[in-house]
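*Asks:* The sequence isn't on hand, but the structure is:
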């Protein structure tokens, strides 16, 4: 039974021109091809710039809400906006949380995964 199924699936793959392990090929438009070939094909991410961008983001303050409450977190965000400092810098200056708790709370990867 399994051998017959494999044989039929293999034959269908050969006839239809696609593999079950891969999604069907969707042709790209000429504009998309040009964008990929001339724009993003050889791009490499600038990890330092990406990390700096995340660190400077005011949205980092949301992870502090469970620790310091919404009002204090909002005040930190406003001050960070006015002064140009990061949330981490302000928290360290004001001793808002212990360093280990702050590091864990402001870990961007932990914000992207379910708990």
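*Replies:* On my side now, so go ahead. On a predicted model such as this, the values are computed, not experimentally measured, just so you know. Residues are numbered from 1 along each chain as shown.

*Asks:* Quick check: which ranges of this protein have low pLDDT?
*Replies:* 1-27 (pLDDT under 70).

*Asks:* Now with 80, please.
*Replies:* 1-28, 113-115 (pLDDT under 80).

*Asks:* gap between the two ends of stretch 103-111?
*Replies:* 12 Å (CA to CA, to the nearest Å).

*Asks:* what residues does that stretch touch?
*Replies:* 54, 60, 63-64, 67, 87-88, 91, 97 (CB atoms under 8 Å, 6 or more residues apart in numbering). Backbone N, C-alpha and C define where each C-beta goes, glycine included.

*Asks:* will you turn these into JSON lines that also has distance to residue 104, secondary structure and neighbour count?
*Replies:* Converted to JSON lines, the contacts of stretch 103-111 look like this (distance: CB to CB, whole Å; DSSP: H, G, I helix; E, B strand; the rest coil; neighbours: other CB atoms under 10 Å):
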{"residue": "54", "distance to residue 104": "16", "secondary structure": "helix", "neighbour count": "15"}
{"residue": "60", "distance to residue 104": "13", "secondary structure": "helix", "neighbour count": "23"}
{"residue": "63", "distance to residue 104": "9", "secondary structure": "helix", "neighbour count": "18"}
{"residue": "64", "distance to residue 104": "11", "secondary structure": "helix", "neighbour count": "22"}
{"residue": "67", "distance to residue 104": "10", "secondary structure": "helix", "neighbour count": "15"}
{"residue": "87", "distance to residue 104": "14", "secondary structure": "helix", "neighbour count": "26"}
{"residue": "88", "distance to residue 104": "12", "secondary structure": "helix", "neighbour count": "18"}
{"residue": "91", "distance to residue 104": "12", "secondary structure": "helix", "neighbour count": "25"}
{"residue": "97", "distance to residue 104": "9", "secondary structure": "coil", "neighbour count": "17"}
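
*Asks:* residues near residue 106, how many?
*Replies:* 20 (other CB atoms under 10 Å).

*Asks:* same for the helix or strand harbouring residue 33, what does it pack against?
*Replies:* Residue 33 belongs to helix 30-35 when assigned by DSSP states H and E. If you count contacts as 3 or more CB pairs under 8 Å, 6 or more residues apart in numbering; DSSP states H and E, helix 30-35 packs onto no helix or strand.
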